[in-house]
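Student: I'd like to go over a predicted model; first the sequence, then the structure.
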Amino acid sequence: MDAKKKEPLLRVVKHAELSRAQSIGLRILAVALALVVGGVFIAAIGYNPFEIYGTIISGCFRSPMAFQATVKFCIPMCISALGVTLAFKMRFWNIGGEGQLIMGAVFASFFALFCSGMPHFLLLAVMFVAGFVGGGLWGLIPAACREKWGTNETLFTLMLNYIALYIVAFLRDGPWRDPEAAGFNKIARFDPNAMLDKVFGVHAGWIVMLVLVVLVSIYMSRTKQGYEIGVVGESRDTARYAGINVKRVVLRTMFLSGGIAGIAGMVQATGSDITLSTGVAGGVGFTGIIIAWLAQLNPYVSLLISFAFSILVKGSSVVQSSFGLSTDCAEVLQGIILFFIMAMEFFIRYKIVFRGHSEKRPAAKEAAAPEKKEADNA
């Protein structure tokens, strides 16, 4: 009796593993519930939910230009998700995708601003490598500090996001300020020679995105280094016992994780913005974390979810212009959908047990059955 009193009213316990069909069914249910609750919200503010939802979908595909804009939204989100996927697989909680993306853009922008006389494709190649190195070095800092001094990687990577942002602000207001800008500080627009070429109406970043999806998937599932990432993520002690150099794996993986995010920054600066600004990331690094988590660290699923997110973002902007809906309303709708999807991910893994209810243990009952039988016979 006393033991029951000491129990909390609610406990969170891990689910028995659900089948693939059950997991998919629950995720579909989450989307359906999100649409229903979102529809109630839309109706409460005086609009027709079916009309709004229809506009969100049609707004992304109503013209080639609208579809191209949707793809442009997808590119940085997907690449950022691929970056954090590597770190999360290793159980290194990299919340710094935003800062790594920004630093990749900074490194690439240096060559775009000051070396624009190079041959076009050579310049793009140099900027691509610079973006990768810039993001990789920014990801390497928290990894090295954790391995050396045991610092908390979540807080460290989060703080580096703001440092990267203020570096851009410093460059904009000081060394890289456009002297021709009158009245406000900004960095000059890139020379056309430093811009990513367009393929089917969208900058070539979409090709980079698809190639990275395939490469990251192969790296994680078909290579020795990918296997080491998984082992380190499961247990560092097991990895050391197996002869894996844990420190080297952590440093290498975080450099790759930050480097991929840095590529997203290079693509965004040279393909979409055509300059460097404090809005180059625009929250994409944080969105990439959500996408990677929802995708269960699967690169191909990350691509699909990124495209779904881009439909939501682009469609919301069309709704704003078509119905005069404020930005806040569109963001509330996005938040409702994300809340239900994330909540369902929790219930797929865990369940809530009330006080006085214990988990059924069939195996234990079966084991106890022979003992009970013997006692009855005695």
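Tutor: That came through fine.
Student: helices and strands around the helix or strand hosting Val126, which ones?
Tutor: Using DSSP states H and E, the element containing Val126 is helix 120-149. Judged by 3 or more C-beta pairs under 8 Å, 6 or more residues apart in numbering; DSSP states H and E, helix 120-149 is in contact with helix 97-114, helix 153-173, helix 246-267. C-beta coordinates here come from the backbone N, C-alpha and C atoms, glycine included.
Student: the residue minimising distance to the centre of the chain and Ala144: what is the separation?
Tutor: Nearest to the geometric centre of the chain sits Gly288, at 1.6 Å (C-alpha atoms, centre = their mean). Using C-beta to C-beta, to the nearest Å, Gly288 is found at 22 Å from Ala144.
Student: in the helix holding Val126, which residues are buried?
Tutor: 123-124, 126-144, 146-147 (16 or more other C-beta atoms under 10 Å).
Student: let me see the mean pLDDT of it.
Tutor: For helix 120-149, mean pLDDT is 96.
Student: that one: how far from the chain's middle?
Tutor: 18 Å (C-alpha atoms, centre = their mean, to the nearest Å).
Student: ok so, going back, so which strand or helix has the residue nearest to the centre of the chain?
Tutor: Going by DSSP H and E, Gly288 is part of helix 284-294.
Student: skipping adjacent residues, who's closest to Leu158 in space?
Tutor: Setting aside the residues directly before and after it, Leu158 is nearest to Ile95 in space (C-beta to C-beta, 6 or more residues apart in numbering), at 4.7 Å.
Student: got a list of what that neighbour touches?
Tutor: 154, 157-158, 161, 286, 289 (C-beta atoms under 8 Å, 6 or more residues apart in numbering).
Student: which of these sit farthest apart?
Tutor: Thr154 and Phe286 (13.0 Å; C-beta to C-beta).
Student: okay, these two: which has more neighbours?
Tutor: Phe286 (17 against 14; other C-beta atoms under 10 Å).
Student: quick one: the residue nearest to that one when sequence neighbours are not counted from Val133, how far?
Tutor: Counting by C-beta to C-beta, 6+ apart, Glu98 is the residue found nearest to Phe286 once chain neighbours are left out, at 6.0 Å. Glu98 sits 18 Å away from Val133, going by C-beta to C-beta.
Student: for Thr55, same thing?
Tutor: Applying C-beta to C-beta to Thr55 and Val133 gives a distance of 43 Å.
Student: same question for Leu297.
Tutor: From Leu297 to Val133 the distance is 25 Å (C-beta to C-beta).
Student: same check on Leu158?
Tutor: 22 Å.
Student: also Ala34?
Tutor: Taken as C-beta to C-beta, the span from Ala34 to Val133 is 40 Å.
Student: same question for Ala66.
Tutor: Ala66 is 35 Å from Val133, by C-beta to C-beta.
Student: equivalent analysis for Phe156, please.
Tutor: From Phe156 to Val133 the distance is 20 Å (C-beta to C-beta).
Student: ok, now Ser317?
Tutor: 34 Å.
Student: just to revisit the earlier point, what angle do the helix holding Val126 and helix 246-267 make?
Tutor: Interaxial angle of helix 120-149 relative to helix 246-267 (axes from the mean of the first three to the mean of the last three C-alpha atoms, to 10 degrees): 140 degrees.
Student: ok and helix 120-149 relative to helix 153-173, angle-wise?
Tutor: Using the same axes, to 10 degrees, helix 120-149 lies at 140 degrees relative to helix 153-173.
Student: angle of helix 120-149 against helix 97-114?
Tutor: Using the same axes, to 10 degrees: helix 120-149 against helix 97-114 is 140 degrees.
Student: which parts of the stretch 201-350 of the chain are strands?
Tutor: 202-203, 350-354 (DSSP state E, counting those that start in this stretch).
Student: thought the residue nearest to Phe286 was touching Ala281?
Tutor: Yes. Assessed by C-beta atoms under 8 Å, Glu98 is found in contact with Ala281 at 4.8 Å.
Student: overlap in contacts of the two?
Tutor: Leu165.
Student: could you list the low-confidence segments of this structure?
Tutor: 1-7, 327, 356-378 (pLDDT under 70).
Student: surely Ala242 meets Val231?
Tutor: Yes. Using C-beta under 8 Å, Ala242 is in contact with Val231, at 6.5 Å.
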